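1. Provided below for reference: sequence and predicted model.
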Amino acid sequence: MPESDLANIELRSYFVRGRNCLLVRGQFSDLYMDYYLHLMQHGIKHEQHLDTMLKEGLAAMALHQASRPHDERCAWTIHMQDPLLNIFVTGGGYPQSRVTGRLFMDDIKDMGKSIIIAQTTRSNVPPRQSMVEFQGMDVLAAVEHFYTQSEQRPTRIFRLDDEEFVQISAEPDADTAWLKNLRQEDILKLDQLEVLSLLETRGFVFDCGCTVERMFPMLSRLADEDLDYIFEEGPAGITCPRCGAKYQVPREIFDAWLAAQNQSQDQDKA
């Protein structure tokens, strides 16, 4: 989908005065519309409960990114033990932040436990990875547990009506007892109960940014006999590992791209 057609949602970050907590909230309906258009475009269908899990993973990633430095990018693989599947979500970018993701349900390695694997990159900072085990099938509860264990920041995430989500995380010297005891009804009237200071508004879209040309490096790593096999009956089918988008690639287009890459490398060596 052209970038100009993507729905931009706003996530707002607030400092909760007197509680020393960071609040991020946003309404995800428009972003989810683009998510469903993406599924339709590429013929992807999910059972309802799996669809909900992926949507909540996307919301959690966006809320996380809205509270992080602008140059940070993050990817989570949420490995569920029962049912056995991987939920992959990733996000980053500024001033236009993007989130995308997909489900992996075939040939999943049984790790014997449910676990979140988080990979984080940032300019001029070594990449880092962390893994946290969790229990149950609730994606938002799993992310809360990840924050507590890996980020060392007690965090609560709330589902509200009309696909609105709220995340509240502890900052240094936070009132953790208040945070722990927050209830759904408290969130609905938080503006009246607490003093919230707006820190930042950040836009998010559902978009991977993948194109058929960006899939070519994956093909180029295959041996010649493997390339002959996947092109044997015509265009090769390629699936984006980040969003599940499906592309059909004619052999002549890939060969032209590969020849251009080889020519560029030869010129660099000259």
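-> Good, I have the coordinates.

2. Mind listing what's buried along the longest strand anywhere in the chain?
-> Counting by DSSP state E, the longest strand found in the chain is strand 195-206. Using 16 or more other C-beta atoms under 10 Å as the test for burial, strand 195-206 gives 196, 202-206. C-beta coordinates here come from the backbone N, C-alpha and C atoms, glycine included.

3. Point out where the protein drops to low pLDDT.
-> Within the chain, the segments meeting pLDDT under 70 span 1-4, 270.

4. Which parts of it are strands?
-> 9-17, 21-27, 72-80, 85-92, 96-104, 114-122, 125-134, 155-159, 164-170, 195-206, 236-239, 246-249.

5. Those: which one's closest to E144?
-> E144 lies closest to strand 155-159 among these, at 5.3 Å (C-beta to C-beta).

6. Can I get that closest one as PDB, trimmed to CA atoms?
-> C-alpha atoms of strand 155-159 as PDB (Å, rounded to 0.1, in the frame of the first residue of the first chain):
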ATOM      1  CA  THR A 155       4.400  -2.300  33.800                       C
ATOM      2  CA  ARG A 156       0.700  -2.700  33.300                       C
ATOM      3  CA  ILE A 157      -1.100  -2.800  30.000                       C
ATOM      4  CA  PHE A 158      -4.900  -2.300  29.800                       C
ATOM      5  CA  ARG A 159      -7.400  -3.200  27.000                       C
END
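
7. Adjacent strands (with direction) for it?
-> Strand 155-159 has its sheet partners listed here by DSSP bridges as strand 164-170 (antiparallel).

8. Give me the buried positions along the partner strand.
-> 165-170.

9. could you dump these to a markdown table with distance to V139?
-> Formatted as a markdown table, the buried residues of strand 164-170 follow (distance: C-beta to C-beta, whole Å):
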| residue | distance to V139 |
| --- | --- |
| F165 | 11 |
| V166 | 15 |
| Q167 | 13 |
| I168 | 17 |
| S169 | 17 |
| A170 | 21 |
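
10. quick one: which of those is nearest to F216?
-> Distances from F216 to these, taken by C-beta to C-beta, are shortest for F165, at 36.4 Å.

11. which residues touch that closest one?
-> 25-26, 28, 56, 59-60, 63, 157-159 (C-beta atoms under 8 Å, 6 or more residues apart in numbering).

12. hmm, 6 Å instead?
-> A59 (C-beta atoms under 6 Å, 6 or more residues apart in numbering).

13. do the one 5 residues further on as well
-> For A170, the set of contacting residues under the criterion of C-beta under 6 Å, 6+ apart consists of 21, 153-154, 176, 179.
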